[in-house]
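Chemist: Take a look and give me a structure for this.
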Amino acid sequence: MDRVRTKSKTSRIKRAALIAAATLALASGGMTLANIDFNSHRVERDRLSIETVRQGTMEIKVSANGQLLAKDIEQLAAQVPGRVAKKNIKPGAVVQVGDVLVELANPQLIATAEEAQSAWEGAVAELHSAEAELQNNVLNQEVVLTQAKLSLEKAQLKADNDEALAREQIVSAMELKRSQFDVTQLKKAYDLEERRLEKLRNNIEVQLAVKKSRVTQLARAMDRAKTEAAALKVVAGIPGIVQAIDVEVGQQLQPGSPIGRIAQQDQLYAELKVPAREATQVQPGQNVVVDTRNGTVNGIITRVDPGVTDGTVVVDADLKGALPAGARPQLQVEGIIYVSQLANTLYVGKPSYVKSDANITVYKLDAAGRYATRVTIKAGKVSLNYMQVLQGLKAGDRIITSEIGGFQDQERILLN
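Modeler: Numbering: from 1, shown residues only. Okay, the predicted model is just below:
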């Protein structure tokens, strides 16, 4: 027959414990739900960048991208018309002064140079021949003059002798007059031959001057022709590295046609492009650090372009010290320009949306770091990584510096 089982004391205790636990859980859950903020916009803390306001010296720096350029660049161009016959050098080759880079072909220039040299050589030979002939004429005239002098002297001796004999009446007066007449006649002949010799000598100078002028004229024409012929070989004018060779074999070139470019590898400067809104702070003489991605090198600003191109201002910087390995013209670099220092000022990591000398909206965290409230502050100078704070924050405050576009319309946000 069936018997009624009585509940044990242990069962009653377990049941009471379960009821109490359930009650406690319900109460705890109710309290948790009561404390949850369902009204505030929630943002994942890990997705935010948070910076702390500090007091101290703030370095004003400006970042700019750019490239290394050679100080000394030789632009190669054709000096004479010709067809490209040979390309002896490729880009990247190291060359010295006088190395042949490209050879052009122009038979007409070669022929002209040879003809010019032949003409000059003929003129030189003609000059020497004329000089010899004129000197020979002078010598002949000197012989004639010498003979005239001797005849005059002989006649003078006879006249003197006849005069002495005439005083003793040994020679007649008629014979004396004849002797004196011979002296007079030979004296005139001597003077005539002497003037003729002088004119011959003067004529030599005139005729040789004409010949020499012709030789000089042909020598210059020959030099020009040889220079043009030599220009068919395009050579390096400076030592350096070939940056480009812009011609192909068989290509016809005219004077002025670009051929290539040589740059000196060890004399480089940095050309940086600074955003126009930040370039107002950049001045010559400021220090800069140029990063080549393979090392850094210090420099100094030497020139700031007065104009704006595509929203940037071109700034040149001389580099000091040894260049990092791999530094070469056209290498892309990044420069950090040290503009100035602000001593004993409030500053904080620069928000992504900041503007210098303007009122901006930021989200400031509360002491517990759980909530961030929208506040308006006044920003001062803006550096590469930092922003000066003029009003609205104090040292130790924390603000969100990452993009706030997802919650910028919220007065307060909750950080999960």
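
Chemist: any idea how far the host helix or strand of L192 is from the chain center?
Modeler: Applying DSSP states H and E as the criterion places L192 in helix 173-230. Here helix 173-230 is found 61 Å from its chain centre; the criterion is CA atoms, centre = their mean, to the nearest Å.

Chemist: So what touches the one helix or strand V288 maps to?
Modeler: Taking DSSP H and E as the definition, one finds V288 inside strand 287-291. With contact meaning CB atoms under 8 Å, 6 or more residues apart in numbering, strand 287-291 is reached by 68, 270, 272, 296-301, 317, 319, 333-338. In this view, the C-beta of every residue, glycine as well, is placed from N, C-alpha and C.

Chemist: in its sheet, what does that strand sit against?
Modeler: Take DSSP bridges as the rule and strand 287-291 pairs in its sheet with strand 296-304 (antiparallel), strand 332-349 (antiparallel).

Chemist: could you say what helices and strands the helix holding L192 packs with?
Modeler: helix 107-167 (3 or more CB pairs under 8 Å, 6 or more residues apart in numbering; DSSP states H and E).

Chemist: circling back to that earlier point, would you indicate which residues of the strand holding V288 are buried?
Modeler: 288, 290 (16 or more other CB atoms under 10 Å).

Chemist: can you give me the offset of that strand from its chain's centre?
Modeler: Put simply, strand 287-291 sits 19 Å off its chain's centre (CA atoms, centre = their mean).

Chemist: So for the residue positioned nearest the centre of the chain, what's the pLDDT?
Modeler: Residue closest to the mean C-alpha point of the chain, counted by CA atoms, centre = their mean, is K71 at 3.5 Å. As predicted, K71 sits at a pLDDT of 89.

Chemist: Could I get the contacting residues of it?
Modeler: Per CB under 8 Å, 6+ apart, neighbours of K71: 264, 267-269.

Chemist: Which of these has the largest number of neighbours?
Modeler: Top of the contacts of K71 by neighbour number is L268, holding 25 neighbours under the definition other CB atoms under 10 Å.

Chemist: what kind of secondary structure is G369 in?
Modeler: Following DSSP: H, G, I helix; E, B strand; the rest coil, the label given to G369 is coil.

Chemist: tally of neighbours for it?
Modeler: A count of nearby residues for G369, using other CB under 10 Å, gives 11.

Chemist: re the thing from before, with mean pLDDT, mean neighbour count and distance to A113 added, can I get the strands paired with strand 287-291 in JSON lines?
Modeler: Listed next are the strands paired with strand 287-291 as JSON lines, based on pLDDT from 0 to 100; neighbours: other CB atoms under 10 Å; distance: least, CB to CB, whole Å:
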{"stretch": "strand 296-304", "mean pLDDT": "95", "mean neighbour count": "17", "distance to A113": "45"}
{"stretch": "strand 332-349", "mean pLDDT": "94", "mean neighbour count": "18", "distance to A113": "47"}
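
Chemist: In TSV, list these along with distance to P81.
Modeler: Listed next are the strands paired with strand 287-291 as TSV, based on distance: least, CB to CB, whole Å:
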stretch	distance to P81
strand 296-304	39
strand 332-349	38
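
Chemist: just so I know, which of those strands lies nearest T112?
Modeler: strand 296-304 (46.1 Å; CB to CB).

Chemist: so how far is the closest one from its chain's centroid?
Modeler: 15 Å.

Chemist: try stretch 258-265
Modeler: Counting by CA atoms, centre = their mean, stretch 258-265 comes out at 11 Å from the chain centroid.

Chemist: buried stuff in that stretch?
Modeler: 259-265.

Chemist: Then stretch 103-122?
Modeler: 103-104, 106, 109, 112-113, 116-117, 119-120.

Chemist: Low-confidence stretches in the stretch 151-300 of the chain?
Modeler: Residues of the stretch 151-300 of the chain meeting the criterion pLDDT under 70: none.

Chemist: ranges for the strands of the stretch 251-400 of the chain?
Modeler: For the stretch 251-400 of the chain, strands defined by DSSP state E, counting those that start in this stretch occupy the ranges 252-253, 258-263, 268-275, 287-291, 296-304, 312-320, 332-349, 358-365, 371-382, 386-391, 398-400.

Chemist: Please name whichever of these is nearest to A77.
Modeler: Nearest to A77, of all the strands of the stretch 251-400 of the chain, is strand 258-263, at 5.5 Å by CB to CB.

Chemist: Please read off the pLDDT at T32 from the model.
Modeler: With respect to pLDDT, T32 scores 47.

Chemist: Likewise for the one 4 residues further on?
Modeler: The pLDDT attached to I36 in the predicted structure is 52.

Chemist: can you tell me how far G295 sits from V206?
Modeler: Per CB to CB, to the nearest Å, G295 is found 74 Å from V206.

Chemist: So the two - more neighbours on which side?
Modeler: Legend: neighbour count by other CB under 10 Å for G295 and V206, higher for G295 (13 against 10).

Chemist: Identify the bridge partners of Q252.
Modeler: R83.

Chemist: show me the contacts for it.
Modeler: 81-84 are the contacts of Q252 under CB under 8 Å, 6+ apart.

Chemist: picking up where we left off before, so which of the strands of the stretch 251-400 of the chain comes closest to I170?
Modeler: I170 lies closest, by CB to CB, to one member of the strands of the stretch 251-400 of the chain: strand 252-253, at 99.0 Å.

Chemist: Give me the neighbour count for S257.
Modeler: Counted with other CB under 10 Å, the neighbours of S257 add up to 17.

Chemist: How about it: what's its closest non-neighbour residue?
Modeler: Nearest residue to S257 in three dimensions, chain neighbours excluded: A78, at 4.4 Å (CB to CB, 6 or more residues apart in numbering).

Chemist: count of neighbours near the one you found?
Modeler: For A78, the neighbour count with other CB under 10 Å is 21.

Chemist: how much space between it and Q243?
Modeler: Distance, A78 to Q243, using CB to CB: 17 Å.

Chemist: Also A119?
Modeler: 41 Å.

Chemist: again, but for G406
Modeler: Distance of G406 to Q243, given as CB to CB: 48 Å.
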